[in-house]
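*Asks:* What follows is a predicted protein model with its sequence.
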Amino acid sequence: MELRHQVAVTLAEVAEAAGVGESTVSRVLRSHGSFSDKTRERVMAAVERLGYVPNRIAGTLASAGSRLVAFVIPSLSNIVFPDVLRGASAVLEENRHQAVFAVTDYDPQKEEALVASMLAWRPAAVVLAGCEHTEGTAKMLRASGCRIVELLDLDGEALDIAVGFSNRAAGHASAEFLLTRGYRRIGYVGHDLIRDTRAGKRFKSFCETLGMHDVPLVDREIVAGASSVENGQVGLEQLLARTPALDAVYFSNDDMALGGYFHCLARGIHIPSRLALFGYNGLDIGRVTPQPLSTVRTPRVATGRVAAQLIVENAPSQIVDLGFELIEGATA
């Protein structure tokens, strides 16, 4: 796979595509001055086709010397993304770059709108989570001329630079671990798998791996809304009420798994002899529970740090696989 870093689409290119002068394009984009409806339609069609983003600061940052780095992330309530920002900010500050961020709430349309807003300030780089974006987002990013860094997922087509690990591999490793431990009646508790595409990839790979061993997933509980300790607790309670004979449960992440852990403590369900629990992310709190959580630890801080270093170095397009670590813990 060849990764290419493209130059920004210019006002002149939009003018040429629309068959008008640059001043006319400028008037249309600023909705100021005189122009016909037909001219406006031609200009806006060219803008959309080329993926042009107006420069709101008239070139003050529109250069290779821009030190603004825009992070467009899904959440701040999930510790994963603050950890990424923590790793990146140290490197950016040392190199006199300024980080700004916006939160999408896992909404791809909101991500598209936020990317457009960020690109209008001509950042040196835009950093996003995952490699699934709307067609409009991808078009704008390719046409922006800035560096694009996608984090925490290598299971897809990178636009420029990708740093992280394979979620599919993590799902596979989690299933193999539970199977090796002798568990056969396995269930799943998770959150929105459509919006959180990375969790969806782990779950799909997990189920495929079980199927390869002729051990189909027994049952699942998908809780509406974002992942949280409370949703993990509710999800496991609902799953066990419906399918009480499970011997292991795989959770979409550690937040959910900790909720399941607290449910078991409250109901006197012995872990892991009666029910095994397995999470994902390797959060600090999971290491200090009375029984350390069995999970996959991801290099979140390192992901942010490596991404920031590649940005300040203006490194060539590349894919950096930082891997992950399976933590045996004491809950499985």
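*Replies:* Structure received.

*Asks:* drop to CA atoms for contacts and neighbour counts, all remaining ones
*Replies:* Will do.

*Asks:* Grab the CA positions of the strand or helix carrying residue 171 and hand them over as PDB.
*Replies:* Residue 171 is part of helix 167-180 when elements are defined by DSSP states H and E. The C-alpha coordinates for helix 167-180 follow below in PDB (Å, rounded to 0.1, in the frame of the first residue of the first chain):
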ATOM      1  CA  ASN A 167      -8.100  -4.500  17.000                       C
ATOM      2  CA  ARG A 168      -8.800  -7.700  15.100                       C
ATOM      3  CA  ALA A 169      -5.600  -9.300  16.500                       C
ATOM      4  CA  ALA A 170      -6.700  -8.200  20.000                       C
ATOM      5  CA  GLY A 171     -10.100  -9.900  19.600                       C
ATOM      6  CA  HIS A 172      -8.500 -13.000  18.300                       C
ATOM      7  CA  ALA A 173      -5.900 -13.200  21.200                       C
ATOM      8  CA  SER A 174      -8.700 -12.600  23.700                       C
ATOM      9  CA  ALA A 175     -10.700 -15.600  22.400                       C
ATOM     10  CA  GLU A 176      -7.700 -17.800  22.200                       C
ATOM     11  CA  PHE A 177      -6.900 -17.000  25.800                       C
ATOM     12  CA  LEU A 178     -10.300 -18.000  27.100                       C
ATOM     13  CA  LEU A 179     -10.400 -21.100  25.000                       C
ATOM     14  CA  THR A 180      -7.000 -22.200  26.300                       C
END
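
*Asks:* what does it contact?
*Replies:* Helix 167-180 is touched from outside by 153-155, 198-199, 201-210, 248, 278, 295-296, 324, 326, 332, with contacts defined as CA atoms under 8 Å, 6 or more residues apart in numbering.

*Asks:* Pull out the buried residues from it.
*Replies:* 167-179 (16 or more other CA atoms under 10 Å).

*Asks:* Determine which two of those are furthest apart.
*Replies:* 167 and 179 (18.6 Å; CA to CA).

*Asks:* where's the residue most central in space within the chain relative to residue 235, distance?
*Replies:* By CA atoms, centre = their mean, the mean C-alpha position of the chain lies nearest to residue 129, the distance being 2.8 Å. Applying CA to CA, to the nearest Å, the value for residue 129 to residue 235 is 26 Å.

*Asks:* related to what we said a few turns ago, how near is the residue nearest to the centre of the chain to residue 73?
*Replies:* To residue 73, residue 129 is 6 Å away according to CA to CA.

*Asks:* Please apply the same query to residue 91.
*Replies:* Counting by CA to CA - residue 91 and residue 73 are separated by 18 Å.

*Asks:* Looking at the two, which is more packed in?
*Replies:* Taking neighbours as other CA atoms under 10 Å, residue 91 and residue 73 compare with residue 73 leading, 23 against 20.

*Asks:* which residues touch the more buried one?
*Replies:* 81, 101, 102, 103, 104, 105, 127, 128, 129.

*Asks:* Show me these that map onto helices.
*Replies:* residue 81 (DSSP state H).

*Asks:* want to throw the contacts of residue 73 into CSV with pLDDT and distance to residue 149?
*Replies:* Shown next, in CSV, are those (pLDDT from 0 to 100; distance: CA to CA, whole Å):
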residue, pLDDT, distance to residue 149
81, 95, 14
101, 93, 14
102, 96, 15
103, 97, 16
104, 97, 16
105, 94, 19
127, 98, 5
128, 98, 6
129, 97, 8
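
*Asks:* Mind checking which of the contacts of residue 73 are buried?
*Replies:* Among the contacts of residue 73, those buried by neighbour count (16+ other CA under 10 Å) are 81, 102, 104, 105, 127, 128, 129.

*Asks:* which of these lies closest to residue 30?
*Replies:* Distances from residue 30 to these, taken by CA to CA, are shortest for residue 102, at 24.2 Å.

*Asks:* I'd assumed residue 72 was in contact with the closest one.
*Replies:* Yes. Using CA atoms under 8 Å, residue 102 is in contact with residue 72, at 4.9 Å.

*Asks:* any shared contact partners between the two?
*Replies:* Here residue 102 and residue 72 share the contacting residues residue 114, scored by CA under 8 Å, 6+ apart.

*Asks:* State the distance from residue 216 to residue 77.
*Replies:* The gap separating residue 216 from residue 77 is 33 Å, by CA to CA.

*Asks:* what about these two, which has more around it?
*Replies:* The neighbour comparison of residue 216 against residue 77 (other CA under 10 Å) goes to residue 216, with 16 against 12.

*Asks:* show me the contacts for residue 214.
*Replies:* Contacts of residue 214 (CA under 8 Å, 6+ apart): none.

*Asks:* So what does it have for phi and psi?
*Replies:* When read as degrees, to the nearest 10, the backbone of residue 214 gives phi 60, psi 40.
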